[in-house]
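Trainee: make a model of this:
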Amino acid sequence: MKKLSFLPLITILVITTSFAKGKHSNAGKSNDLPPDNPFFAPSKLPLQAPAFDKIKNSDFKPAIEEGIRQQAAEIEKIANNPIAPTFQNTLVAMEKSGQLLKRVSLVFNVLTGAYTNPELQKVEAEESPKLAANTDGIYLNTKLFKRVETIYQKRNQLKLDAESKRLVEYYYENFTLAGARLSEADKETLKKLNKEEAVLRTKFSNQLLAGTKAGALVIDDKAELEGLTDGAVEAAAQAAKSNNLAGKWVIPLQNTTQQPLLQSLTNRSTRQKLFAASWTRTEKGDANDTRATITRIALIRAEKAKLLGFPNYAAWKLQNQMAKTPAAVEDFLSKIITATTAKAKEEAADNQAVIDQQSGGFQLQAWDWNFYSEQVRKAKYNLDDNEIKPYLEIDNVLRNGVFYAANLLYGITFKERKDLPVWQPEVRVFDVFDKDGKQLGLFYCDYFKRDNKRGGAWMSNMVGQSYLLGTKPVIYNVANLTPPAPGQPALLNFEDVRTMFHEFGHALHGFFASQKYPGISGTAVARDFVEFPSQFNEHWAMDPKVLRHYALHYKTGKPMPQELIDKINKAGKFNQGYSTTELLAADYLDLQWHTLPADAKVPDVDKFEADALHRTGMDLPQVPPRYRSTYFSHIWGSGYAAGYYAYMWTSMLENDAFAWFKEHGGLTRQNGQRFRNMILSRGNTEDLGKMFRDFRGHDPDIRPMLEYRGLVSK
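Mentor: Residues are numbered from 1 along each chain as shown. Take a look at the predicted model:
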């Protein structure tokens, strides 16, 4: 199953509004931040890379607040400019504003996402409502909107280039979606709702982080870990020591419902306990219980939608997406559900047959699925994960796989550097050079799980690309791969490998950005397009040229035998009914929460979830949703509310695009350059449907995705 990407909370607030913030009459132009604050001015390190060795927790709060104040002053000046509105004095001025706030917020997101602590969490809780208010200070600023609207109405007479015209449309759309046309009284109501939602989103994220950490399964008897490799047992012992539980074993929780070790644990009771620990991590009636938090967030969103003139939040949110409407999303998902659930039921029957053959005497449950499906896979394909892992050492995967594929496709090269400060010793940094030898940007990677790292995997920028600002991208990838025991190599499974290729696909989208304006640069595209480049990049993990180059035995250096590669390829569509169904269940949960009317009552989260899955035909007990409502970070703590379907939608896009590659010779520099020119370098500079059609030659076709997943025959 694909690992999923998301942007932490304040990145969403700042990236979408960092070019124009706030409205405060007392704002001035001077910089009241002490000069010794590392955010006072752009970093002097290469490409403005953050000086993590000089940044302290105490630097963030004053820098964020001064950043808000400065940007508010800039916005006030733009809104009250006595000169008639022009593209330059309004939109370009907005694009140039808020540099301090952007600088500090992007770095703050690195740490609150990947290396947080109680002091940073306190700052996050304090500043999120101020940032929300600051956002409202732009989009609900009547004078500013009138200037934007005037430019929008004249856009066809202004002789703007295509990117500039797109920027005009981008701003006008953002203002109208945010409520710029509301009455002053309704604007005040919306501001209160936005502020409350921002506070609750931060609360949810912190509850989830703490609940996931506290929910780790503690094992007292080593015998309960039967079936795990020696390395996995040692890693559990190390996790226990790190939590002051020497003599015990701890299995930390991943962000998803299913947990990786369920595949190997032979003790059914241990499997059930591990699954329950995951399933109930934020439903224990303690301070980390998220049920009240998410219910209120959902109802706030429904209230906001009603205020803005829409029947529900999804109807409002989807307007600027490729799908446009909830009905279009449901129509898309309906084309998948029948084949997917039928396949999952076939797979369940295969698993139950193994249980019966072994005289198990029980019916297959969710915590049994991975254990027995692995046995089915071994029987059908003679394939064992432990046979694969020795060939998937993380450095080989990164250098000889992820980077190598990017070089073959796009001609770019990488050079590790040790001189730049990082936020944690495991983080690595690479210069990224274009095909002509010029530097494209800097790449940071932080792959291993920690207790103070949010779950999942994601990409974001610390510095964005913009010709207007003269900046090049500084990009990072974060994941939660299982760390090796001390002195042992980091050996991966293929899901981990796909995660690395996936997140680097996002990075490529950022590195190849070639825009003047930061607001529409790189990955600043619709949710149901942004996962297209990342999921597309996963395909190269199994390309023969690439696989042979990185799948090298960590001891001998010998390449993976062709016999094993053939087994992996034959098993490529295995368990796709399950993996697609758990995604669809999460898609429908998201839509059900975000199509609630404003007067809805949600007395019981668990009942709402069960009813939602039943209504949509997704209540297969052996196939739980990939994320339960109570730990669904994408929709409560991040920016995928009413948009989780985007992973499936973009799977349609990327499989159709990959079909084009197969039709035109596969992995070649020529094909890679075409994809770079027509997709990866375009940012949000034109209609995304048109961008796809220009590349593919037709509208997105769902069939390649269904064929790739083995849900229909070719």
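Trainee: what pairs with the longest strand anywhere in the chain, parallel or antiparallel?
Mentor: In the chain, assigned by DSSP state E, the strand with the most residues is strand 439-448. Applying DSSP bridges, strand 439-448 is found paired with strand 428-433 (antiparallel), strand 474-481 (parallel).
Trainee: show me what whatever helix or strand comes next after the longest one is packed against.
Mentor: Downstream of strand 474-481, the first helix or strand assigned by DSSP states H and E is helix 494-511. The criterion is 3 or more C-beta pairs under 8 Å, 6 or more residues apart in numbering; DSSP states H and E, and the helices and strands that helix 494-511 contacts are helix 394-397, helix 403-410, strand 439-448, strand 458-463, strand 474-481, helix 527-538. Every C-beta, even on glycine, is put in place using the N, C-alpha and C of the backbone.
Trainee: of all the ones you listed, which one is nearest Gln670?
Mentor: Of all those, helix 403-410 sits nearest to Gln670, with 9.8 Å by C-beta to C-beta.
Trainee: just the CA atoms of that closest one, as CSV, please.
Mentor: Below are the C-alpha coordinates for helix 403-410, written out as CSV (Å, rounded to 0.1, in the frame of the first residue of the first chain):
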residue,chain,number,x,y,z
PHE,A,403,18.5,9.0,-7.5
TYR,A,404,19.5,6.7,-10.3
ALA,A,405,16.0,6.6,-11.8
ALA,A,406,15.8,10.4,-11.6
ASN,A,407,19.2,10.6,-13.5
LEU,A,408,18.0,8.2,-16.2
LEU,A,409,14.7,10.1,-16.7
TYR,A,410,15.8,13.7,-16.2
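Trainee: tell me which residues of that helix are tucked away?
Mentor: 403-406, 408-410 (16 or more other C-beta atoms under 10 Å).
Trainee: what is the orientation angle of that helix with helix 494-511?
Mentor: 50 degrees (axes from the mean of the first three to the mean of the last three C-alpha atoms, to 10 degrees).
Trainee: how about residues contacting helix 403-410?
Mentor: 412-414, 430, 435, 501, 504, 508, 512, 537, 540-541, 543, 545-546, 549-550, 667-669, 671-673, 675-676 (C-beta atoms under 8 Å, 6 or more residues apart in numbering).
Trainee: again, only using 6 Å
Mentor: 412, 414, 540, 546, 549, 667, 672, 676 (C-beta atoms under 6 Å, 6 or more residues apart in numbering).
Trainee: what about the closest residue in space to Tyr381 that isn't next to it in sequence, neighbour count?
Mentor: Excluding its sequence neighbours, the residue lying closest to Tyr381 (C-beta to C-beta, 6 or more residues apart in numbering) is Ala571, at 4.2 Å. By other C-beta atoms under 10 Å, 16 other residues sit near Ala571.
Trainee: wait, doesn't Ala571 sit right on Ala379?
Mentor: No: Ala571 is beyond contact range of Ala379, at 11.2 Å (criterion: C-beta atoms under 6 Å).
Trainee: ok, now which ones touch the closest residue to Arg281 other than its chain neighbours?
Mentor: Excluding its sequence neighbours, the residue lying closest to Arg281 (C-beta to C-beta, 6+ apart) is Gly215, at 3.6 Å. Shown in contact with Gly215 (C-beta under 6 Å, 6+ apart): 253, 277, 281.
Trainee: would TSV of the residues you listed with secondary structure, pLDDT and distance to Thr229 be doable?
Mentor: Shown next, in TSV, are the contacts of Gly215 (DSSP: H, G, I helix; E, B strand; the rest coil; pLDDT from 0 to 100; distance: C-beta to C-beta, whole Å):
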residue	secondary structure	pLDDT	distance to Thr229
Leu253	coil	96	19
Ala277	helix	98	21
Arg281	coil	98	25
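Trainee: most neighbours among those, which one is it?
Mentor: Arg281 (26 neighbours).
Trainee: now that residue. Its backbone dihedrals?
Mentor: Per-residue torsions, Arg281: phi -50, psi -30 (degrees, to the nearest 10).
Trainee: contact partners for it?
Mentor: Per C-beta under 6 Å, 6+ apart, neighbours of Arg281: 211-212, 215, 631.
Trainee: so which of these belong to helices?
Mentor: 211-212 (DSSP state H).
Trainee: of the contacts of Arg281, closest to Val474?
Mentor: Thr212 (28.5 Å).
Trainee: can you tell me the closest non-neighbouring residue to that closest one?
Mentor: Leu253 (5.0 Å).
Trainee: do Gly710 as well
Mentor: Lys573 (3.1 Å).
Trainee: quick one, phi/psi of the one you found?
Mentor: On the backbone of Lys573 - angles per degrees, to the nearest 10 - the values are phi -100, psi 10.
Trainee: pLDDT below threshold where in the chain?
Mentor: 1-30 (pLDDT under 70).
Trainee: one more time with 50
Mentor: 1-29 (pLDDT under 50).
Trainee: the closest residue to Glu184 other than its chain neighbours: neighbour count?
Mentor: Nearest residue to Glu184, sequence neighbours excluded (C-beta to C-beta, 6+ apart): Thr142, at 7.7 Å. Neighbour count for Thr142, taken as other C-beta under 10 Å: 13.
Trainee: and Thr142, how close does it get to Arg69?
Mentor: Thr142 sits 21 Å away from Arg69, going by C-beta to C-beta, to the nearest Å.
Trainee: now do Gln254
Mentor: In terms of C-beta to C-beta, Gln254 sits 40 Å off from Arg69.
Trainee: and the two? Which one has more around it.
Mentor: The residue with more neighbours, out of Gln254 and Arg69, is Arg69; 23 against 19, by other C-beta under 10 Å.
Trainee: can you count the residues close to the closest residue to Tyr550 other than its chain neighbours?
Mentor: Closest residue to Tyr550 apart from its sequence neighbours, by C-beta to C-beta, 6+ apart: Gly401 at 3.2 Å. Neighbours of Gly401 under the rule other C-beta under 10 Å: 26.
Trainee: re earlier: which one of the contacts of Arg281 is nearest Ala41?
Mentor: Thr212 (37.3 Å).
Trainee: tally of neighbours for that closest one?
Mentor: 24.
Trainee: repeat that for Ser514.
Mentor: Other residues close to Ser514 by other C-beta under 10 Å number 16.
Trainee: do you know how far it is from Pro473?
Mentor: 11 Å.
Trainee: if we can go back for a sec, tell me the one of the contacts of Gly215 nearest Asp36?
Mentor: Closest to Asp36, out of all of the contacts of Gly215 and judged by C-beta to C-beta, is Leu253, at 40.3 Å.
Trainee: contacts only, for Lys567.
Mentor: Applying C-beta under 6 Å, 6+ apart, the residues near Lys567 are 381, 383.
Trainee: then the helix or strand that it is a member of to CSV, C-alphas only?
Mentor: If you go by DSSP H and E, Lys567 is part of helix 562-570. The C-alpha coordinates for helix 562-570 follow below in CSV (Å, rounded to 0.1, in the frame of the first residue of the first chain):
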residue,chain,number,x,y,z
GLN,A,562,16.2,-12.9,-11.8
GLU,A,563,14.2,-15.7,-10.3
LEU,A,564,13.3,-13.6,-7.3
ILE,A,565,12.5,-10.6,-9.5
ASP,A,566,10.1,-12.8,-11.6
LYS,A,567,8.4,-13.8,-8.4
ILE,A,568,7.9,-10.2,-7.3
ASN,A,569,6.5,-9.3,-10.7
LYS,A,570,4.1,-12.2,-10.7
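Trainee: got the buried residues for it?
Mentor: 564-565, 567-568.
Trainee: can I get those residues in JSON lines with distance to Glu74?
Mentor: Listed next are the buried residues of helix 562-570 as JSON lines, based on distance: C-beta to C-beta, whole Å:
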{"residue": "Leu564", "distance to Glu74": "59"}
{"residue": "Ile565", "distance to Glu74": "57"}
{"residue": "Lys567", "distance to Glu74": "60"}
{"residue": "Ile568", "distance to Glu74": "55"}
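Trainee: among those, which one lies nearest to Phe332?
Mentor: Ile568 (30.0 Å).
Trainee: ok so, going back, contacts only, for the residue nearest to Thr212.
Mentor: Leu253 touches 212, 215-216, 278, counting by C-beta under 6 Å, 6+ apart.
Trainee: what do you get if the cut-off is 8 Å, keeping everything else the same?
Mentor: Neighbours of Leu253 in contact, by C-beta under 8 Å, 6+ apart: 212, 215-217, 259, 277-278, 281, 455.
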